[in-house]
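below are the sequence and a predicted model; questions follow.
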Amino acid sequence: MEAALLKHPCYHEEAHHYFARMHAPVAPKCNIQCKYCNPKFDCVNESRPGVVSKLLHPDEAFDKVSHIVSRMSNLAVVGIAGPGDPLANPQATFQTFRRIAENYPDIHLCLSTNGLMLTDYIGEIRKLNIRHVTVTVNAIDPEIGSRIYSHIRHEGILYKGKDAAELLIRSQLEGIRLASTYGILCKINSVYIPGVNGEHLQEVSKAVRKLGAFSHNIMPLILSPGSQYYREGCRTPTPAEINKVQEESSRIMPVMRHCRQCRADAVGLLGSDWSQTPDMLPSEGKFNDKQRSEFQDKLLGEVKSTLKLNDDNTDWTDSVRVAVATRGSNVINQHFGHAKEFLIYDVKNQACRLVGVRKVQAYCNSSKDCDSPMSEILKVLIDCQMLLSSGIGKAPAEILQQNGIIPLLRKGPIHEQLIESVRYLNYFS
Ligand code: CLF
Ligand code: SF4
């Protein structure tokens, strides 16, 4: 498998334990209005709600990239994902990509868009060798689309209702077809909106697969305060609902299960964000290009060695569901009390598979009936039988136990620890 995949933390599940990405927040404007988005907040297609700390001019963005590249030796990808739509800000977007491509040819470039202008800029995307493009497709049926988008602006005209959705969907599908034809790896993001498009996402998978898309990332709706859905009292999907649609779509095409719905200015491994404190990066000093390349070759070797652990033929009936607290590097190294998210695995015999990532904060911040962090965590871990972390306080451990979740203290490689812990499940029970 080529490095463009194995080094991209979003395109390959194993890569996300080792390789980092950063986003350059240079694109403020958007040309559509999704009902879940509040323009004062990050784009929820690619980020959790939260104001971008600072919009950057392309020159500032390049300086920030240079700073991080020299200190974060596992940085493999620079993406532009907002806070608006990158292709509604083509000058800033392509100027930023151009400078990065000229100075750091080994860094992979990644673009995330609503797809309205994708066909218009496909030439520029190819010229800059942008190999990874994500398109957010929430519906392929204009009737459903009209319940998700309130309007779009295209060539000076304002479209609303079904007309708007029809134009957007046509542009997205044509863009995906064209990009895939040129060998660009197209990932599809869909926001699961209960009561609107949940039942429809399988149809989206089928359509985009036919056009050559590479994988489908189905993400739970996060309600941005102030957005139309928020005002209307929409709800977010439960972990069980998300699992169900991901499972259905995974029979059609590869499904991404490790998305963190990152900020438009995120920096670092998925799930551990250095965007607010880039001066405190955890490196010994600066790296030159040769050192970075050697280090990344070593990481690539680690990714490859984990590939053989995956078993696609396992029947997962009667498997054990386990939550894991980690800060990355494919090891259990996070204290329960500091965890903002849990990786959820199914384990059976010698095999394990990632079911998803469940954020504590995101669910907590977005749900209106959030009463305490612990009750929120219990909701998030509702279907888990075990929790593995590097440390946990007595009180939360007891609460977990009372709710049928066995908390175990573990350190070391996730796969190894999962297999071993589940082997002794009866003993711990
Ligand atoms: Fe960024 Fe997106 Fe590129 Fe990844 S994020 S532009 S493809 S480098 Fe990744 Fe973040 Fe999920 Fe996006 S985890 S929100 S899928
Ligand atoms: Fe908001 Fe992104 Fe939708 Fe634009 S594409 S309205 S920035 S969520």
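Noted; the coordinates are in hand. Ligands and ions are numbered 1, 2, ... in the order given.

in this protein, what helix or strand scores lowest on average pLDDT?
Confidence across the helices and strands of the chain bottoms out at helix 360-366, with a mean of 46, counting by mean pLDDT, DSSP states H and E.

the helix or strand just after that helix: how far from the chain's middle?
If you walk from helix 360-366 toward the C-terminus, the next helix or strand you reach (DSSP states H and E) is helix 373-380. The chain centre lies 22 Å from the centre of helix 373-380; the measure is CA atoms, centre = their mean, to the nearest Å.

for the residue in the stretch 251-400 of the chain that ligand 2 sits nearest to, which non-adjacent residue is closest in space?
When distances are taken as CB to the nearest ligand atom, the stretch 251-400 of the chain reaches nearest to ligand 2 at residue 264, 8.7 Å away. For every residue, glycine as well, the C-beta is placed using N, CA and C. Here the nearest residue to residue 264 in space, its sequence neighbours aside, is residue 82; by CB to CB, 6 or more residues apart in numbering that works out to 3.6 Å.

from residue 259, how far out is that neighbour?
Between residue 82 and residue 259 the distance, using CB to CB, to the nearest Å, works out to 15 Å.

again with residue 427
35 Å.

between these two, tell me which one has more neighbours.
residue 259 (18 against 6; other CB atoms under 10 Å).

and that one, what does it touch?
Remark: with contacts taken as CB atoms under 8 Å, 6 or more residues apart in numbering, residue 259 is in contact with 10, 189, 217, 219, 270, 357.

same list (those residues) but as a markdown table, adding distance to ligand 1, neighbour count and pLDDT.
Putting those into a markdown table (distance: CB to the nearest ligand atom, whole Å; neighbours: other CB atoms under 10 Å; pLDDT from 0 to 100) gives the following:
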| residue | distance to ligand 1 | neighbour count | pLDDT |
| --- | --- | --- | --- |
| 10 | 3 | 26 | 94 |
| 189 | 6 | 24 | 96 |
| 217 | 5 | 23 | 97 |
| 219 | 7 | 21 | 94 |
| 270 | 5 | 22 | 87 |
| 357 | 9 | 18 | 90 |
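
restrict those residues to contacts with ligand 2.
Intersecting those with the surroundings of ligand 2, defined as CB under 6 Å from any ligand atom, gives nothing.

and residue 415, how many neighbours?
By other CB under 10 Å, the residues close to residue 415 number 18.

ok but it is inside a helix, no?
Yes. Counting by DSSP: H, G, I helix; E, B strand; the rest coil, residue 415 is located in a helix.

roughly how far apart are it and residue 14?
Taking CB to CB as the measure, residue 415 and residue 14 are separated by 10 Å.

shared neighbours of those two, anything?
For the pair residue 415 and residue 14, residues contacting each of them under the criterion CB under 8 Å, 6+ apart are 306, 330.

hang on, the earlier thing: right, and the residue of the stretch 251-400 of the chain closest to ligand 2 touches residue 83 too?
Yes. With the criterion set as CB atoms under 8 Å, residue 264 and residue 83 qualify as a contacting pair; they are 4.3 Å apart.

what about those two, which has more around it?
A direct count of neighbours by other CB under 10 Å for residue 264 and residue 83 places residue 264 higher, at 31 against 27.

can you list the residues of the stretch 101-250 of the chain near ligand 1?
Among all residues of the stretch 101-250 of the chain, those adjacent to ligand 1 (criterion: CB under 6 Å from any ligand atom) are 110, 112, 132, 134, 217.

most neighbours out of these, which is it?
Neighbour counts for those were taken using other CB under 10 Å; the highest belongs to residue 112, with 28 neighbours.

phi and psi next, for that one.
Backbone dihedrals for residue 112, given as degrees, to the nearest 10, come out at phi -120, psi 130.

what residues are up against it?
With contacts defined as CB under 8 Å, 6+ apart, the neighbours of residue 112 are 45, 46, 79, 80, 81, 82, 86, 133, 134, 135, 136, 189.

who's it bridged to?
With beta bridges defined as DSSP bridges, residue 112 has these partners: residue 134.

picking that back up, now secondary structure too, for the contacts of residue 259, in TSV please.
Converted to TSV, the contacts of residue 259 look like this (three-state DSSP):
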residue	secondary structure
10	coil
189	strand
217	strand
219	strand
270	coil
357	strand
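
would you turn those into CSV with distance to residue 177?
Converted to CSV, the contacts of residue 259 look like this (distance: CB to CB, whole Å):
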residue, distance to residue 177
10, 21
189, 17
217, 19
219, 23
270, 28
357, 30
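
tell me the one of those residues nearest residue 255?
residue 217 (7.3 Å; CB to CB).

excluding covalently adjacent residues, which one is nearest to the closest one?
The shortest distance from residue 217 to any residue that is not its chain neighbour, by CB to CB, 6+ apart, is 3.9 Å, and that residue is residue 256.

tell me which residues touch that neighbour, please.
The contact partners of residue 256, by CB under 8 Å, 6+ apart, come to 10, 13, 187, 215, 216, 217.

farthest pair within the residues you listed?
Longest distance between any two of the contacts of residue 256 is 13.5 Å, between 13 and 216; criterion CB to CB.

who has more neighbours, the two?
residue 216 (25 against 19).

quick one: the host helix or strand of that one to chain centroid distance?
Assessed by DSSP H and E, residue 216 sits inside strand 215-220. Its chain's C-alpha centre and that of strand 215-220 lie 8 Å apart, by CA atoms, centre = their mean.

any idea which helix or strand comes after it?
Under the assignment DSSP H and E, the closest C-terminal helix or strand after strand 215-220 is helix 228-232.

okay, the residue nearest to residue 264: pLDDT?
As predicted, residue 82 sits at a pLDDT of 81.

going forward can the numbers begin at 18, since that is how I track them
Done: numbering now begins at 18, and the last item shifts to residue 99.

my guess is it meets residue 283, correct?
No. Applying CB under 8 Å as the test, residue 99 and residue 283 come out as separate, 10.4 Å apart.

fine by me, we can end here.
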